[in-house]
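Student: take a look and give me a structure for this.
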Amino acid sequence: MKKIKGGVTAAQGFEAASAAAHIKYEGRTDMALVYSKAPCVTAGTFTTNVVKAAPVIWDRDLVYSGAPAHAVIVNSGIANACTGQEGMEYCKQTAQEAAACLNIPADSVLVGSTGVIGFQLPMDRVRAGVRMLAAAKRPGIEAGTEAAKAIMTTDTIHKETAYEIDLSGHKAVIGGMAKGSGMIHPNMCTMLSYVTTDAAIEKSLLQKALSEIVAETFNMISVDGDTSTNDTLLVLANGLAGNPVIDDPESGAYAAFYEALLAVCKELAMKMAGDGEGATKLIETKVIHADTLENARILAKSVITSSLTKAAVYGRDANWGRVLCALGYSGVTFDPEHCDLYFGSGDDKLLIFTNGSAADYSEEKATELLSGEKVEILADMHMGDAEATAWGCDLTYDYVKINADYRS
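Tutor: Model (predicted):
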């Protein structure tokens, strides 16, 4: 496996485009297209929020139907959530416009929206945007990057990555883009993310891989504890790499594909956590030697969702009591007398709590470790062999400023 430059257009046969449709924003692009020259098998995971945006329902139905996909149309600025039957009709109209412009079936067009909840899409602008996208689509890394920028809302950076792998002597690529900065608290994945690959893989195996990988990547991040109405993660595989179709979960080809898809999803997830609204630091919490994998995940997520821990990291305050408290109310039973806590940064690690009380550590050293762009918290539970990692960010004054006037 090799990391390469690019995102959704890194794999063979994929093109992309961006357009300024003026849906909500001025002076920037706000619509994106991802297009495959060949039909794609798809897999997806979607928000578990009972309140689901119209695009979530549209995409879920298409993915589950088994229909091949050719394109994804995404807009930013308005979420098309809580918009009733009119919102569903707008998904249909978007797909129909794309189908006419791209000469593909309407049921091969997936749609996505992100932004303010409760507003109807200005369909005259959306339709015009679709036409602009169809005319502008092109291959190449730059096109993929521009698409990744167009789907941003409060994101401060665009998010994309790609990896190359060997599948039975055939070079294959998996690349992806994502957006997500606020309303990040996954019980699936909290964001929009689109992953493309030229690998040939059977649909049920693609879904199996994605569902397992989501549990340890996108499901292990949090910014603010709010699960979005629009969470969508889609994978499109067009098979143009020419490898024998991956249809055996015990094969080496499946293992290689899984490893690369995991790397793409993990990197995109970490980028979202580190780009949380107002954030200055990425927090990585790793729990080791837990009794079960489920409990390790619960413990790790409890720490990165703790507002007091997040605020302490922002202030570079080595307040380990907040970490221990978050572990303690997670719902997992453990003995605090046999739990060790560390703060770290890279290869540098500092023991701060052991044997039921504070370790003999330097406050100055702890502050130094909390001052970098990535802060690591390690909890050794001394209970078993399970481990899990979760990612979050610090809580700053700017988070409140951003969300106090989000609609305006």
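Student: next one: the least confident helix or strand in the chain by mean pLDDT to chain centre, how far?
Tutor: None of the helices or strands of the chain scores lower by mean pLDDT, DSSP states H and E than helix 397-404, at a mean of 79. Its chain's average C-alpha position is 22 Å from that of helix 397-404, according to CA atoms, centre = their mean, to the nearest Å.
Student: please enumerate the strands of the stretch 101-250 of the chain.
Tutor: 109-116, 159-167, 170-179, 192-197, 232-237 (DSSP state E, counting those that start in this stretch).
Student: switch these over to CSV; also include mean pLDDT, mean neighbour count and distance to Gly315.
Tutor: Every residue, glycine included, has its C-beta placed from N, CA and C. Converted to CSV, the strands of the stretch 101-250 of the chain look like this (pLDDT from 0 to 100; neighbours: other CB atoms under 10 Å; distance: least, CB to CB, whole Å):
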stretch, mean pLDDT, mean neighbour count, distance to Gly315
strand 109-116, 94, 26, 31
strand 159-167, 97, 23, 27
strand 170-179, 97, 25, 28
strand 192-197, 96, 30, 31
strand 232-237, 96, 28, 34
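Student: which one, of the ones you listed, ends up nearest to Ile73?
Tutor: strand 109-116 (5.2 Å; CB to CB).
Student: for the least confident helix or strand of the chain, which positions count as buried?
Tutor: Using 16 or more other CB atoms under 10 Å as the test for burial, helix 397-404 gives 399, 403.
Student: just stretch 287-301 next, same as before
Tutor: 287-291, 295-301.
Student: distance to Ala128, secondary structure and pLDDT for those residues - can I get that in CSV?
Tutor: Formatted as CSV, those follow (distance: CB to CB, whole Å; DSSP: H, G, I helix; E, B strand; the rest coil; pLDDT from 0 to 100):
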residue, distance to Ala128, secondary structure, pLDDT
Val287, 50, strand, 98
Ile288, 53, strand, 98
His289, 57, strand, 98
Ala290, 53, strand, 98
Asp291, 57, coil, 97
Asn295, 52, helix, 98
Ala296, 49, helix, 98
Arg297, 45, helix, 96
Ile298, 47, helix, 96
Leu299, 50, helix, 97
Ala300, 45, helix, 97
Lys301, 42, helix, 94
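Student: looking at those, which is nearest Lys179?
Tutor: Lys301 (21.6 Å).
Student: check contacts around the closest one.
Tutor: 220, 222, 330, 390 (CB atoms under 8 Å, 6 or more residues apart in numbering).
Student: check the last one and give its pLDDT.
Tutor: In this case it means Ala390. pLDDT recorded at Ala390 is 95.
Student: let me see the contact set for the nearest residue to it once chain neighbours are set aside.
Tutor: The spatially closest residue to Ala390, leaving aside those adjacent along the chain, is Ala300, at 3.8 Å (CB to CB, 6 or more residues apart in numbering). Taking CB under 8 Å, 6+ apart, we find Ala300 in contact with 220, 285-287, 379, 388-390.
Student: need the max-distance pair from those.
Tutor: Met220 and Ala379 (14.3 Å).
Student: tell me where the model's unsure across the chain.
Tutor: Flagging of the chain using pLDDT under 70 yields the residue ranges 182-190, 224-228, 406-408.
Student: give me the residue at the spatial middle of it.
Tutor: Ala269 (4.4 Å; CA atoms, centre = their mean).
Student: just the element for it, please.
Tutor: helix 252-274 (DSSP states H and E).
Student: how about that helix: buried residues?
Tutor: 253-254, 256-258, 260-274.
Student: please apply the same query to stretch 114-134.
Tutor: Buried-residue list, stretch 114-134, by 16+ other CB under 10 Å: 114-115, 117, 119, 121-122, 125-134.
Student: can you check stretch 86-93 too?
Tutor: 87, 90-91, 93.
Student: so what angle separates the directions of the longest strand along the chain and helix 252-274?
Tutor: For the chain, the strand that runs over the most residues, judged by DSSP state E, is strand 31-46. Calculated by axes from the mean of the first three to the mean of the last three CA atoms, to 10 degrees, strand 31-46 forms an angle of 110 degrees with helix 252-274.
Student: in strand 31-46, what's buried?
Tutor: In strand 31-46, counting by 16+ other CB under 10 Å, buried: 31-36, 39-46.
Student: now stretch 54-67
Tutor: 54-56, 58-60, 62-63, 67.
Student: for stretch 272-286, same thing?
Tutor: Buried residues in stretch 272-286 (16+ other CB under 10 Å): 272-279, 281-286.
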